[in-house]
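[1] Take a look and give me a structure for this.
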Amino acid sequence: MPAISNTSPLLNLAIIDHLFLLPQQFGQVYIPTAVLTELKVNETRPGSVHLQAAIREGWLVLHPVNVSNTPLVSLLQQKLHQGESEAIALAVELSADKILLDEKEARQAARTLGLSITGILGILLRGWRAGSITSIKTVTDRLQQEANFWIAPALLTQILQESGESNSS
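    Residues are numbered from 1 along each chain as shown. Here you go, the predicted model:
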């Protein structure tokens with residue numbers, strides 16, 4: 001089963017031109033209606049051209065949450081945004097292999113429901129291990145500067161140590 005994604009991993013990878021990692025790692029990626037709305041792919045924004053291409057290429061696929069899962073979406077929305085709530089409900093509905101989430105609260109909710117989670121940093125590390133990325137430091141720098149993506153300093157240090165780039169920071 002393909003992965004399900006929330007807005008953050010898609011948008012941030014698109015902004016830094018690393019969206020190509022997703023079809024390499026997951027094949028198809030499904031998104032619920034709220035995530036498509038949040039991506040604002042028809043507006044002229046950073047990353048929108050890459051997101052439009054992903055939809056045209058057919059690996060980024062809209063899959064609305066079944067109406068029978070509306071109660072789960074409503075329950076999740078007590079603490080999470082609409083996109084996160086729908087993505088988690090869709091992952092449960094489709095018994096997804098992986099859900100792509102970056103936000104702490106959403107990850108906690110998904111974990112509670114038994115879902116397997118990865119975020120943008122996990123995607124980048126897998127890409128680096130597969131040889132699709134030559135420098136984690138370069139990509140995380142771009143992520144922070146161009147996409148304003150916050151990375152906890154301790155986590156960044158850990159990732160750079162794993163990639164052998166901790167001395168170049």
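[2] Helices along the protein, start to end?
    Here the chain has its helices, by DSSP state H, at 7-15, 21-26, 33-39, 48-57, 70-76, 82-93, 104-112, 120-129, 136-146, 153-162.
[3] buried ones in the last one?
    Pointing back at helix 153-162 there. Leu156, Ile159, Leu160 (16 or more other C-beta atoms under 10 Å). C-beta here means a position set from N, CA and C on the backbone, and glycine is covered the same way.
[4] so who does the second one touch?
    Ile159 makes contacts with Leu121, Leu124, Leu125, Ile136, Thr140, as judged by C-beta atoms under 8 Å, 6 or more residues apart in numbering.
[5] which of those sit farthest apart?
    Leu125 and Thr140 (10.2 Å; C-beta to C-beta).
[6] quick one, which of these two is more surrounded?
    The residue with more neighbours, out of Leu125 and Thr140, is Thr140; 24 against 16, by other C-beta atoms under 10 Å.
[7] How is this protein divided into domains?
    3-120, 133-168 (automatic domain parsing).
[8] where does the chain have its least confident helix or strand?
    Lowest by mean pLDDT, DSSP states H and E among the helices and strands of the chain is helix 153-162, with a mean of 92.
[9] coming back round to it: of the contacts of Ile159, which is the nearest to Gln52?
    Nearest member of the contacts of Ile159 to Gln52, counting by C-beta to C-beta, is Leu124, at 22.5 Å.
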